[in-house]
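*Asks:* Below are the sequence and a predicted model; questions follow.
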Amino acid sequence: MARRPPVPPLAATSGPVRLADSDAHGLARHELLSPRWTHLGRGIRAWGGLDPLDPAVRIGAVTLDVPDYAVLGGWASMWWQALLCSTA
């Protein structure tokens with residue numbers, strides 16, 4: 001039986017991932033439940049190499065858990081707008 005590489009696909013390591021979407025990222029559900037992944041919320045995990053306190057990771061985790069019509073508010077909204085303005 002072949003072992004998986006120690007680092008998962010790039011798409012899975014760039015931000016939070018839903019357990020339900022593990023197949024889309026080329027990961028088995030049990031891999032996301034391993035200690036290499038950080039629990040961020042209901043059914044949401046992040047690669048252990050990501051800082052769970054990083055605003056981009058925190059906001060990404062929240063946006064995976066809310067409906068499409070949800071709105072960011074407070075510090076998350078200000079941080080996201082500043083990020084969008086700095087890249088434009």
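*Replies:* Sure thing, it's come through.

*Asks:* Report the contact partners of the most centrally placed residue in the chain.
*Replies:* Geometric centre of the chain, nearest residue: Pro16, 0.6 Å, by CA atoms, centre = their mean. Counting by CB atoms under 8 Å, 6 or more residues apart in numbering, Pro16 makes contact with 40, 44-46, 57, 60-61, 64. All C-beta atoms are positioned from the backbone trio N, CA, C, and that covers glycine.

*Asks:* same check, this time on Ala56
*Replies:* Ala56 neighbours (CB under 8 Å, 6+ apart): 15, 83.

*Asks:* Next up, phi/psi of it, please.
*Replies:* With angles defined as degrees, to the nearest 10, Ala56 sits at phi -60, psi -40.

*Asks:* Strands along this protein, start to end?
*Replies:* Assigned by DSSP state E, the chain shows strands spanning 17-18, 37-41, 44-47.

*Asks:* want to throw the ones you listed into TSV with distance to Ala11, mean pLDDT and mean neighbour count?
*Replies:* Formatted as TSV, the entries for the strands of the chain read as follows, by distance: least, CB to CB, whole Å; pLDDT from 0 to 100; neighbours: other CB atoms under 10 Å:
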stretch	distance to Ala11	mean pLDDT	mean neighbour count
strand 17-18	9	92	22
strand 37-41	14	92	17
strand 44-47	11	93	22
